[in-house]
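>>> Any chance you can model this:
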Amino acid sequence: MAKRFVGACSLILALCLALSLRMAQAAEGTALSQGGSIFVPVYSHILIGDNARPFLLAVTLCLRNTSPSDEITLVSVDYYDSQGQLLKKHLDAPQTIRGLGSVSFAVAESDKQGGTGAKFIVRWRSSKPVSQPLAEAVMIGTSGQQGISFASRGQHQPD
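The predicted model follows:
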């Protein structure tokens, strides 16, 4: 009887720890903020083959407002190369995204300036605390009968 009790207590403790971890992960994913920066790694090309030749990729950056009802404002969407040099400012003025809205920005497949270490830095703000936006990039390229595609997700950075 005592072994069953200890076993049941161990099981309950393990379930409580798992639930606590899951709740902490969920809370981390729904952090509220009034703005910040997002670092999004992208590739204008990757290197393939023994000779490490460039395989060109088109890049689509998609920014999604995860708040169901509140607007966010994109302050800047800047594209940098592997050396950290600014290549292009994708916004001339702040742009508002409605609740659950999204907006995309593209880098042409023929534009190989960014390199294998290209990145976007996205700055955003909101008039009140909201769930942080989601930033994802999809890279795709084709050459002859070969094609490749993959995605990367942005990371929120402290201001």
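
>>> give me every residue that touches the residue lying closest to Pro94 once chain neighbours are set aside.
Nearest-residue entry for Pro94: Thr73, 5.0 Å, with adjacent residues in sequence omitted and distances by CB to CB, 6 or more residues apart in numbering. To be clear about C-beta, it is placed using only N, CA and C from the backbone, and glycine gets the same treatment. Contacts of Thr73 were listed using CB atoms under 8 Å, 6 or more residues apart in numbering, and they are 94-97, 124-126.

>>> cool, and Ser104?
60-63.

>>> could I get the residues you listed as CSV with secondary structure, neighbour count and distance to Gly141?
Converted to CSV, these look like this (DSSP: H, G, I helix; E, B strand; the rest coil; neighbours: other CB atoms under 10 Å; distance: CB to CB, whole Å):
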residue, secondary structure, neighbour count, distance to Gly141
Thr60, strand, 15, 12
Leu61, strand, 23, 16
Cys62, strand, 17, 18
Leu63, strand, 25, 22
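
>>> just the helices in this structure please.
Residue ranges of the helices in the chain, as given by DSSP state H, are 2-29.

>>> State the distance from the spatially closest residue to Thr60 that is not a sequence neighbour to Ala58.
Of all residues not flanking Thr60 in the chain, Val138 sits nearest, at 4.9 Å (CB to CB, 6+ apart). Distance of Val138 to Ala58, given as CB to CB, to the nearest Å: 9 Å.

>>> Much appreciated, bye for now.
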